[in-house]
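Participant: build me a structure from this.
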Amino acid sequence: MKHKRAQAVTLVFLKKKRVVLLAFVFSGCGMFGKAARQVLPVPPYAPAPNALDESYFHSPSGDIAAHYPKGWLLTDIQTIPMANVEEVYTDHERRRALVLAELPETAEFRRSVERDGMVALADQSFATKSSNVPGKLTITRPTDLYTENGKVFASYEYAELGPDSVRQEENRVVLFTTGAKFYELGMIELAPPENPAEQVQNFRLLESVTASLQGVAEIQRDTTAF
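Facilitator: Residues are numbered from 1 along each chain as shown. This is a model prediction of the structure:
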């Protein structure tokens, strides 16, 4: 019987004295978890051109860095502490916020990642947000998996429900790992947009920041016989 060949994606990273190896094998659309899922070869939104400042923001531990949007202002989160939030930037009108947060690692969360792959990051992210405001949030775009610059990301979109369950602010969250830590980067609307086209521009702006990320675990592609 002839052996079929499939691509193997191996995400390798070092964590102190031990090597953590996550191997994901896919043929066609199956990847990252037991259920077959499509992995987009490009982001769901095209990055907005020339939208970023030349300067970088960094996570407190220094493992993550990225350019932030031009003209956006750093928010002093020490005055309004938020659980696991590490950096916040807003536009001048304070209608939008770029939020970097760490996903707390627990044994249960680790097991979910081992079982479901990157999708587990999105599930954990939304579950945490929903628990803070029960019944107020709804998923508006299910989890996408995609690759960019040799890195794998998950993303989803959600909205906060206003009176009579009408959707108001639309938000997008991108999930990733450094290998040692799990993060989310969100574009959060602080006020309803004046027109729906603004939401797409917001999400493209987030993709520009995502494309500039440094410190995200990279994938190595092999060809493996089965």
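
Participant: would you map the strands across the chain?
Facilitator: 5-15, 18-26, 39-40, 52-58, 65-69, 73-74, 85-90, 96-103, 137-148, 151-161, 167-177, 182-189, 219-225 (DSSP state E).

Participant: including mean neighbour count, could those strands go into CSV?
Facilitator: (C-beta placed from N, C-alpha, C; glycine too.) As requested, these are exported to CSV (neighbours: other C-beta atoms under 10 Å):
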stretch, mean neighbour count
strand 5-15, 14
strand 18-26, 13
strand 39-40, 16
strand 52-58, 14
strand 65-69, 19
strand 73-74, 12
strand 85-90, 18
strand 96-103, 21
strand 137-148, 17
strand 151-161, 21
strand 167-177, 22
strand 182-189, 22
strand 219-225, 10
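
Participant: now render those as a markdown table, adding mean pLDDT and distance to L213.
Facilitator: Below are the strands of the chain laid out as a markdown table (pLDDT from 0 to 100; distance: least, C-beta to C-beta, whole Å):
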| stretch | mean pLDDT | distance to L213 |
| --- | --- | --- |
| strand 5-15 | 36 | 15 |
| strand 18-26 | 34 | 19 |
| strand 39-40 | 90 | 17 |
| strand 52-58 | 97 | 10 |
| strand 65-69 | 98 | 5 |
| strand 73-74 | 96 | 17 |
| strand 85-90 | 96 | 12 |
| strand 96-103 | 97 | 10 |
| strand 137-148 | 95 | 9 |
| strand 151-161 | 94 | 8 |
| strand 167-177 | 91 | 7 |
| strand 182-189 | 97 | 8 |
| strand 219-225 | 51 | 14 |
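
Participant: out of those strands, which comes closest to Q199?
Facilitator: Ranking those by proximity to Q199 (C-beta to C-beta) places strand 167-177 first, at 4.8 Å.

Participant: give me the sheet partners of the closest one and which way each runs.
Facilitator: strand 151-161 (antiparallel), strand 182-189 (antiparallel) (DSSP bridges).

Participant: other residues contacting the shortest one?
Facilitator: Here strand 182-189 makes contact (C-beta atoms under 8 Å, 6 or more residues apart in numbering) with 59, 64, 66, 95-103, 105, 109, 113, 121, 125, 169-177, 199, 202-203, 205-206, 209-210, 213.
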